[in-house]
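Novice: sharing a model that was predicted from the sequence below.
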Amino acid sequence: MSERVLIASMMRDRSAFDKIAKHLDGNDLTEQAKVIIEHIGEYYGRDPQAMLVQPDLLVRSITRSLSNPKHHGLFQELVTSIVALEASPANVVEDFIAVKRDAVGAKLATLLASNKGQKEILPVLEQYREWASKEDLGSRDAIIYNQVPVLSIVSKRNAPGEVIRVLPRALNERLDGGLLRGHHVIVFARPEVGKTTFLVNSVRGFLQQGLRVLYCGNEDPMDDIVMRCVGSLADMTKYEILDGPDRAQEQAIAAGYDRLTLAALSPGSPQEIERLAQEYKPDVILVDQLRNLGVGKEENFTRKLEVAAAGMRNVGQRQRALVISVTQAGDSASGKSVLDMGDVDSSNTGIPAQCDVLIGIGMSAEDERIGRRVLSLPKNKAGGNHSPVPISVDFTKFRIRSE
């Protein structure tokens with residue numbers, strides 16, 4: 001494996017650095033690579049929230065440590081060439097495991113062929129067994145909680161802005177007053193039932209609380225999402241916005257529009273969303289939709305959904321943000337008001353396992369006729385109340401209210 005590709009992966013993805021760095025053998029690296037990797041480690045060490053390395057900051061850190069100015073240009077060129085390389089961190093980690101396994105296997109074969117004694121062979125044999133059984137290198141170290149004062153947890157939960165209220169009000173009551181940062185909510189429904197309207201209405205509620213929102217979309221054109229958000233915030237229809245864009249802008253800003261960041265993904269990934277969260281520091285992240293996210297080389301669609309859902313759950317926990325992700329309901333949800341876990345499309349076990357709250361949006365023929373939808377709560381770890389919530393939907397202004 002090229003050491004430059006290895007370094008590129010560690011710069012591009014903190015988890016790749018965390019997995020690979022502790023297994024590197026300095027004897028296999030050039031002196032320049034050792035310097036760069038050392039500074040990558042220091043970069044991540046200074047900022048526990050950093051998910052990738054900014055090349056210019058890395059170069060400045062390296063050059064400040066060099067006593068000979070003649071070496072500055074060398075490392076500048078080296079880092080620039082490394083950044084330009086194509087590197088898939090997940091695949092590099094897998095290849096690293098294979099390379100280490102082959103190297104230890106070759107060393108073991110040499111010892112056996114040389115009739116070395118058990119004292120030399122057994123440690124290498126144990127290493128080979130370890131690498132032969134590895135499928136992953138694990139992730140960053142766990143954060144340990146031991147004898148945490150109960151008062152600190154209570155105080156943290158009661159701190160201003162810690163509990164995040166959701167709309168509509170009846171749903172918030174089912175959630176025992178709101179959700180916490182790090183919670184993952186998954187919303188599912190059939191096409192054209194109101195998933196995006198639910199998200200847009202939720203955006204309005206979050207902005208009303210003074211929160212920062214990151215809306216990541218890979219399904220609908222982002223111009224459409226912007227119009228819907230402005231309509232909900234300004235309490236105006238699309239045609240009213242077209243007739244009075246300045247008034248719409250003014251009213252939307254008064255409702256918190258300046259705290260909303262929208263990102264058009266194509267299709268995006270949990271890692272890309274985490275980098276955006278790192279930059280914009282949102283309190284709430286909305287993902288529309290999970291099924292479109294890229295998750296490496298995973299080919300099984302059910303498994304892909306589960307990996308995407310798990311990825312977004314981890315992003316929320318690491319970035320201390322409430323995450324609301326959207327996915328589809330299967331054919332079994334057609335014509336139903338109240339949905340259950342079995343109605344989640346393609347992954348009715350794995351998807352629910354990766355969220356704290358699962359919200360289904362159901363619609364019968366009668367519901368459609370009168371403009372009603374029903375919010376189901378087949379999973380509700382936040383409040384424990386699973387009773388459905390009938391809602392009225394105004395699709396002209398993308399607003400929802402409890403009946």
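Specialist: Looks like it came in fine.
Novice: pull out the buried residues from stretch 181-191.
Specialist: Neighbour counts over stretch 181-191 (16 or more other CB atoms under 10 Å) mark 181, 182, 183, 184, 185, 186, 187, 188, 189, 190 as buried. Any C-beta I mention is one placed from the backbone N, CA and C, and that applies to glycine too.
Novice: ok, stretch 343-360 next?
Specialist: Residues of stretch 343-360 classed as buried: 343-348, 350-352, 354-360 (neighbour count, 16+ other CB under 10 Å).
Novice: just stretch 204-224 next, same as before
Specialist: Burial within stretch 204-224, assessed by neighbour count using 16+ other CB under 10 Å, is assigned to 204-207, 209, 211-219.
Novice: returning to that earlier point: just checking, which of the buried residues of stretch 343-360 belong to helices?
Specialist: Helix and strand membership here follows DSSP state H; of those, those in helices are 350, 351, 352.
Novice: surely the first one and residue 304 touch.
Specialist: No. If you go by CB atoms under 8 Å, residue 350 and residue 304 don't touch, sitting 9.9 Å apart.
Novice: chain center to stretch 283-300, what's the gap?
Specialist: 8 Å (CA atoms, centre = their mean, to the nearest Å).
Novice: C-alpha coordinates for it, CSV please?
Specialist: What follows is stretch 283-300 as a C-alpha-only set of coordinates in CSV (Å, rounded to 0.1, in the frame of the first residue of the first chain):
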residue,chain,number,x,y,z
ASP,A,283,-28.4,22.1,17.1
VAL,A,284,-30.6,20.0,14.8
ILE,A,285,-29.6,18.0,11.6
LEU,A,286,-32.3,17.0,9.1
VAL,A,287,-31.6,14.3,6.6
ASP,A,288,-33.8,13.8,3.5
GLN,A,289,-33.3,10.9,2.8
LEU,A,290,-31.4,8.0,4.4
ARG,A,291,-31.9,5.6,1.5
ASN,A,292,-29.9,7.9,-0.9
LEU,A,293,-26.8,8.3,1.3
GLY,A,294,-23.6,6.7,0.2
VAL,A,295,-22.1,4.2,2.6
GLY,A,296,-19.1,2.8,0.9
LYS,A,297,-19.1,-0.5,-0.9
GLU,A,298,-22.2,-1.9,0.8
GLU,A,299,-24.3,-3.5,-1.9
ASN,A,300,-27.2,-5.1,0.1
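Novice: now do the buried residues in it.
Specialist: With burial defined by 16+ other CB under 10 Å, the residues of stretch 283-300 counted as buried are 283-295.
Novice: what of stretch 171-180?
Specialist: Neighbour count says stretch 171-180 has 171, 172, 174, 175, 178, 179 buried, by 16+ other CB under 10 Å.
Novice: domain map for the protein?
Specialist: Residue ranges of the domains in the chain are recorded as 3-133, 150-402, according to automatic domain parsing.
Novice: and whichever helix in the chain runs longest, what other elements does it pack with?
Specialist: Counting residues, the longest helix found in the chain (DSSP H) is helix 89-113. Counting contacts by 3 or more CB pairs under 8 Å, 6 or more residues apart in numbering; DSSP states H and E, the secondary-structure elements packed against helix 89-113 are helix 3-12, helix 14-20, helix 118-133.
Novice: mind listing the helices for the stretch 51-200 of the chain?
Specialist: Assigned helices in the stretch 51-200 of the chain, in chain order: 55-65, 72-83, 89-113, 118-133, 150-158, 169-174, 195-208 (criterion: DSSP state H, counting those that start in this stretch).
Novice: just send these back as TSV, with mean pLDDT too.
Specialist: Below are the helices of the stretch 51-200 of the chain laid out as TSV (pLDDT from 0 to 100):
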stretch	mean pLDDT
helix 55-65	90
helix 72-83	88
helix 89-113	82
helix 118-133	78
helix 150-158	73
helix 169-174	96
helix 195-208	96
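Novice: of all these, which lies closest to residue 16?
Specialist: Shortest separation from residue 16 across the helices of the stretch 51-200 of the chain is recorded for helix 89-113, at 3.8 Å, computed as CB to CB.
Novice: the inter-axis angle of that closest one versus helix 118-133?
Specialist: Inter-element angle recorded for helix 89-113 and helix 118-133: 150 degrees (by axes from the mean of the first three to the mean of the last three CA atoms, to 10 degrees).
Novice: if we can go back for a sec, ok, so of the buried residues of stretch 343-360, who is nearest residue 114?
Specialist: Of all the buried residues of stretch 343-360, residue 350 has the smallest distance to residue 114: 49.3 Å, by CB to CB.
Novice: check contacts around that closest one.
Specialist: For residue 350, the contacting residues are 302, 303, 305, 306, 309, by CB atoms under 8 Å, 6 or more residues apart in numbering.
Novice: make a ChimeraX selection of the buried ones in those.
Specialist: To isolate the buried members of the contacts of residue 350 in ChimeraX, using 16+ other CB under 10 Å:
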select :305,306,309
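Novice: before we move on, back to that, reformat the buried residues of stretch 181-191 as a markdown table; add distance to residue 48 and pLDDT.
Specialist: As requested, the buried residues of stretch 181-191 are arranged in a markdown table below (distance: CB to CB, whole Å; pLDDT from 0 to 100):
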| residue | distance to residue 48 | pLDDT |
| --- | --- | --- |
| 181 | 16 | 93 |
| 182 | 16 | 93 |
| 183 | 21 | 95 |
| 184 | 21 | 96 |
| 185 | 25 | 97 |
| 186 | 27 | 97 |
| 187 | 31 | 97 |
| 188 | 33 | 96 |
| 189 | 37 | 96 |
| 190 | 41 | 96 |
